[in-house]
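Visitor: for reference, the sequence and a predicted model appear below.
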Amino acid sequence: MHIHTSQQKIFSVSELTRSIKSMLEGRFAFISVAGEISGLRRPGSGHMYFTLKDDQAQIKAVLFKMQQRYLQQLPKDGDMVICLGRVSVYEPRGDYQLIIDSWIITEKGLLQLAFEQLKKQLDAEGLFDQELKKPIPPLPEHLILVTSPSGAAVHDFIRIAQKRYPQVRISVYPAAVQGEHAAKELCQAVSEINLQQAAGRLAADAIILCRGGGSVEDLQAFNNEELAWEIHRSAIPVVSAVGHEIDFTIADLVADLRAPTPSGAAEMLLPDSQALREHLADQLVDCAGPCRIKLDRHQERIALYRQKLTGAAQPVDTLLLRLDHMGENMEHAMQANLTALQARLDRVENRLKRNNPLLVLNLYHQRIEEMQRRLRQIGSRLISDKEQDLARAAGVLEAVSPLSTLARGYSVARKVSGRRALISAADQVQAGESIEVLLHQGRLECEVTRIERQ
């Protein structure tokens with residue numbers, strides 16, 4: 001028998017009830033409870049009172065009238081629901097009950113709750129971290145579809161892939177995408193493909209988990225925890241292409257890339273071959289442009305030299321003709337190079353179906369850069385040669401110039417009077433006559449004192 005002592009607190013019923021209420025409301029401030037609705041009644045107040053039960057226990061619940069306007073659908077007896085609310089105590093009767101804020105009706109509610117719980121768990125374990133996402137090659141050579149071979153999704157993917165990038169290789173790994181064994185088969189497929197790749201028996205650029213749209217129940221195989229970890233462990237990038245754009249699964253969150261639909265996955269993974277060819281052609285044109293500009297500049301320089309040498313001696317005219325001829329040769333060579341580049345472009349287009357366009361593009365970049373370098377060398381060498389020829393021609397002109405003769409110590413004599421004729425023989429002058437002698441620098445006026453005739 002328990003004996004009361006003076007030190008022990010004595011609670012009143014209301015104090016005890018309030019303490020219990022405070023403890024329950026603090027401990028269960030916001031919770032989710034799944035169960036079946038029973039004994040639903042709605043008196044004149046508009047509030048809804050019912051019992052939420054499972055096969056082992058039950059709890060009273062109430063949904064106040066003001067909360068009902070926020071719900072799209074009201075429940076009925078026998079509905080399976082997930083109630084979101086808080087635990088409280090009704091003090092006048094000492095009953096504890098669940099105060100409902102909202103609910104989710106039918107089995108879909110349980111599936112959604114399970115989805116949210118698994119999502120929260122895997123997020124905490126780091127499976128959704130962006131830094132873990134593996135990159136997918138921009139020009140994949142081999143893609144493996146894990147899907148039902150009889151479904152529409154696989155045909156949609158292959159149709160888009162062949163249209164955009166026909167040289168890609170596509171393999172189909174059969175697996176159930178719906179039903180009791182679907183999650184297990186999907187896990188086995190991802191694991192087996194990785195084992196085959198590790199053993200060197202295949203080389204895949206990506207694994208695509210692929211299926212069309214469906215109900216929440218239909219997509220449950222892709223909300224499986226074991227499949228999430230299998231995707232996380234995969235050394236090969238995994239793409240999730242499940243359902244429609246509005247559908248989200250755990251596989252979408254763990255995968256390295258999420259595509260809205262199977263056909264959308266084909267568009268995201270594969271480039272447009274026609275766009276690649278056009279890009280390559282544009283780059284070849286861009287490379288040829290600077291070469292044409294250099295050729296035009298050389299022709300302008302040649303035209304300038306031609307103007308400066310107009311009216312010069314025959315050797316210079318000959319040099320100009322040679323310059324014209326060489327300019328024409330350079331233009332023909334440039335045109336031949338452009339024709340060769342176009343021919344190579346045609347060959348590249350023919351190889352796109354069996355070669356990697358990115359490697360071909362890089363190779364032609366290197367070749368074009370080499371051609372540019374050689375053209376620059378040829379142009380520089382040609383201009384240098386022409387400048388040397390021009391210098392030699394100028395030297396010839398300089399050598400036959402009278403002023404150059406005077407500079408070597410010779411002089412020119414001419415009469416002072418009359419038409420100032422040049423004196424080339426002794427019998428053109430008489431003793432005592434004044435004559436003018438032209439030197440390289442200056443002139444002399446002289447008197448003839450003696451004449452010797454030969």
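Guide: That came through, no problem. Numbers count the residues shown, from 1 in each chain.

Visitor: now the strands for this protein?
Guide: Taking DSSP state E as the criterion, the chain carries its strands at 31-41, 48-53, 58-63, 80-90, 95-105, 142-147, 169-174, 206-211, 238-242, 257-258, 412-415, 434-438, 443-447.

Visitor: possible to save those as JSON lines with mean pLDDT and mean neighbour count?
Guide: Glycine gets a C-beta too; all of them are placed from N, C-alpha and C. Converted to JSON lines, the strands of the chain look like this (pLDDT from 0 to 100; neighbours: other C-beta atoms under 10 Å):
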{"stretch": "strand 31-41", "mean pLDDT": "87", "mean neighbour count": "15"}
{"stretch": "strand 48-53", "mean pLDDT": "90", "mean neighbour count": "19"}
{"stretch": "strand 58-63", "mean pLDDT": "91", "mean neighbour count": "18"}
{"stretch": "strand 80-90", "mean pLDDT": "86", "mean neighbour count": "18"}
{"stretch": "strand 95-105", "mean pLDDT": "84", "mean neighbour count": "18"}
{"stretch": "strand 142-147", "mean pLDDT": "96", "mean neighbour count": "24"}
{"stretch": "strand 169-174", "mean pLDDT": "95", "mean neighbour count": "16"}
{"stretch": "strand 206-211", "mean pLDDT": "95", "mean neighbour count": "27"}
{"stretch": "strand 238-242", "mean pLDDT": "94", "mean neighbour count": "27"}
{"stretch": "strand 257-258", "mean pLDDT": "95", "mean neighbour count": "18"}
{"stretch": "strand 412-415", "mean pLDDT": "86", "mean neighbour count": "16"}
{"stretch": "strand 434-438", "mean pLDDT": "87", "mean neighbour count": "15"}
{"stretch": "strand 443-447", "mean pLDDT": "88", "mean neighbour count": "11"}
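
Visitor: out of those, which gets nearest to residue 122?
Guide: Distance to residue 122, taken as C-beta to C-beta, is lowest for strand 238-242 among the strands of the chain, at 13.9 Å.

Visitor: got the strands of the chain as a markdown table, with distance to residue 350 columns?
Guide: Shown next, in a markdown table, are the strands of the chain (distance: least, C-beta to C-beta, whole Å):
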| stretch | distance to residue 350 |
| --- | --- |
| strand 31-41 | 63 |
| strand 48-53 | 72 |
| strand 58-63 | 72 |
| strand 80-90 | 62 |
| strand 95-105 | 59 |
| strand 142-147 | 22 |
| strand 169-174 | 19 |
| strand 206-211 | 27 |
| strand 238-242 | 31 |
| strand 257-258 | 32 |
| strand 412-415 | 76 |
| strand 434-438 | 77 |
| strand 443-447 | 81 |
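
Visitor: out of the ones you listed, flag the one nearest residue 133.
Guide: Across those, closest to residue 133 is strand 257-258 (C-beta to C-beta), at 7.5 Å.

Visitor: what residues does the closest one touch?
Guide: Contact with strand 257-258 is made by 133, 136, 206, 237-240, 252, 265, 268-269, as judged by C-beta atoms under 8 Å, 6 or more residues apart in numbering.

Visitor: which single one of the residues you listed is nearest to residue 220?
Guide: Out of the contacts of strand 257-258, the member with the shortest distance to residue 220 (by C-beta to C-beta) is residue 252, at 13.6 Å.

Visitor: and the gap between the closest one and residue 43?
Guide: To residue 43, residue 252 is 46 Å away according to C-beta to C-beta, to the nearest Å.

Visitor: tell me which of the two has more neighbours.
Guide: residue 252 (21 against 8; other C-beta atoms under 10 Å).

Visitor: contacting residues around that one?
Guide: 222, 240, 242, 258.

Visitor: what residue ranges in the chain score low on pLDDT?
Guide: Where the chain drops to pLDDT under 70, the residues are 1-7, 72, 105-110, 287-289, 291, 305-324, 327, 348, 351-361, 403.

Visitor: what residues go with each domain of it?
Guide: Following automatic domain parsing, one finds the domains of the chain at 13-105, 132-269, 273-399, 407-447.

Visitor: of the ones you listed, flag the one that's most buried.
Guide: domain 132-269 (a mean of 18; mean count of other C-beta atoms under 10 Å).

Visitor: end to end, how far does that domain reach?
Guide: 19 Å (C-alpha to C-alpha, to the nearest Å).

Visitor: ditto for stretch 420-434
Guide: Stretch 420-434: ends 11 Å apart by C-alpha to C-alpha.

Visitor: and the contacts of that stretch?
Guide: Stretch 420-434 is touched from outside by 412-417, 435-436, 445-454, with contacts defined as C-beta under 8 Å, 6+ apart.

Visitor: make it 10 Å
Guide: 412-417, 435-438, 445-454 (C-beta atoms under 10 Å, 6 or more residues apart in numbering).

Visitor: coming back round to it: between the strands of the chain, which gets nearest to residue 228?
Guide: strand 238-242 (10.6 Å).

Visitor: rewinding a little: adding distance to residue 120, write the domains of the chain out as JSON lines.
Guide: As requested, the domains of the chain are exported to JSON lines (distance: least, C-beta to C-beta, whole Å):
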{"stretch": "domain 13-105", "distance to residue 120": "12"}
{"stretch": "domain 132-269", "distance to residue 120": "11"}
{"stretch": "domain 273-399", "distance to residue 120": "41"}
{"stretch": "domain 407-447", "distance to residue 120": "101"}
